[in-house]
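Visitor: model the following, please.
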Amino acid sequence: MKKKGRESQMTLALLPPKMDFVFKKIFGNEKHPNILISFLNAVLNPSDPIKSVTLQDTTIDKEYLTDKYSRLDVRATTDKGEHINIGIQLDNKYNMIKRSLYYWSKLYEGQLESGNDYQKLARTICINLIDFNLLNHDKFHSVYRLKDCETHEELTDIIELHFIELKKMKHVKHADEVKSKLEAWLHFINQPDSEVVRELEAVESEIKSAKAELIRLSGNKVERELFEKRRQAMLDEASALAFAEEKGAKKEKLEIAKNLIQKGLDNGFIVETTGLSLEEVEATRTKM
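Guide: Numbers count the residues shown, from 1 in each chain. Presented below is the predicted three-dimensional model:
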């Protein structure tokens, strides 16, 4: 019976690491800091690799799970004193750059307690994993700092923003096509049950640990229930956004219809131009 139970657990679909709840559970896990350390070294590629991290805000409160506007980011301080925020965003809300700057500023400003010297402000890094195309180039990983517009001389490295666009990752069939540790991690985040990731597990111990933790989460009834709560909150947010966009589009069409009516154009032309129904056009004409 026990064997059967284990087999049924393994047949459960793996939870998606791209969901912020799952991502935080894996990469913000105090019991497995090696996972986050490996990921950060892959993203930042420092000359002196990160050796340890101190995680912040590791608990996930119930209100954060059910609040469709909350963020479940991973926050950490490295052994070099760097402050790092990692967030994952599935849907394009058309505010990603400003949103990232806002979270960077809060993390930077939060270091300074009353009476502290500005010199104590540490290097602060925001890493944004996004499941949509944001920037107008083919690179999946972009890094931004403060530089002079003409000479490109760097003012400081204290501010650093990373955008990792998951959809720009090229599909590969085998692990030997994976060119870097960062690519390996992104394949895990994108498709953890792929053959490529199964091959990577054999050579990358941290990815093996992350996959094991993902399997544990996926087979845990309580964790799956928490995941479903978070997933429902995210679906509610997407639905609210779609409704707002639809409402805005309808309002714009009605304004166009009014202008065309004022110009004396017939209902048939207005229906064809705006995509509104004949009833909606007639109702608009009646109200004018």
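
Visitor: do I have it right that residue 139 meets residue 168?
Guide: Yes. Between residue 139 and residue 168 a contact is recorded at 7.0 Å, counting by CB atoms under 8 Å. (Each C-beta comes from the backbone N, C-alpha and C, glycine too.)

Visitor: who has more neighbours, the two?
Guide: residue 168 (18 against 11; other CB atoms under 10 Å).

Visitor: quick one: buried residues of stretch 85-104?
Guide: 85-90, 96, 99-100, 103-104 (16 or more other CB atoms under 10 Å).

Visitor: now the terminal residues of that stretch, how far apart.
Guide: 8 Å (CA to CA, to the nearest Å).

Visitor: and for stretch 43-52, what are the contacting residues?
Guide: Residues outside stretch 43-52 that contact it (CB atoms under 8 Å, 6 or more residues apart in numbering): 33, 37, 40-41, 78-80, 125, 127, 141, 162, 164, 182.

Visitor: who wins on neighbours among the residues you listed?
Guide: Going by other CB under 10 Å, residue 125 tops those with 26 neighbours.

Visitor: is it correct that that residue falls within a strand?
Guide: Yes. Remark: residue 125 belongs to a strand, assigned using DSSP: H, G, I helix; E, B strand; the rest coil.

Visitor: related to what we said a few turns ago, using TSV, lay out the buried residues of stretch 85-104 together with pLDDT and secondary structure.
Guide: TSV is the format used below for the buried residues of stretch 85-104 (pLDDT from 0 to 100; DSSP: H, G, I helix; E, B strand; the rest coil):
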residue	pLDDT	secondary structure
85	95	strand
86	96	strand
87	94	strand
88	93	strand
89	91	strand
90	88	coil
96	91	helix
99	90	helix
100	93	helix
103	91	helix
104	93	helix
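
Visitor: and these, which two are furthest apart?
Guide: 90 and 104 (20.3 Å; CB to CB).

Visitor: ok, and what's touching the strand or helix carrying residue 207?
Guide: Using DSSP states H and E, the element containing residue 207 is helix 205-219. Applying CB under 8 Å, 6+ apart, the external contacts of helix 205-219 come out as 9-10, 12-15, 17, 22, 25-27, 29, 32, 34-35, 37-39, 184-185, 188, 192, 197, 200-202, 223-224, 227.

Visitor: do stretch 88-100 as well
Guide: Against stretch 88-100 from outside (CB under 8 Å, 6+ apart): 18-20, 23, 87, 126, 128-132, 134, 161, 163, 234, 237-238, 241.

Visitor: 10 Å - rerun?
Guide: 16-24, 27, 71-74, 85, 87, 102, 126-135, 144, 161-164, 166, 189, 234, 237-238, 241-242 (CB atoms under 10 Å, 6 or more residues apart in numbering).
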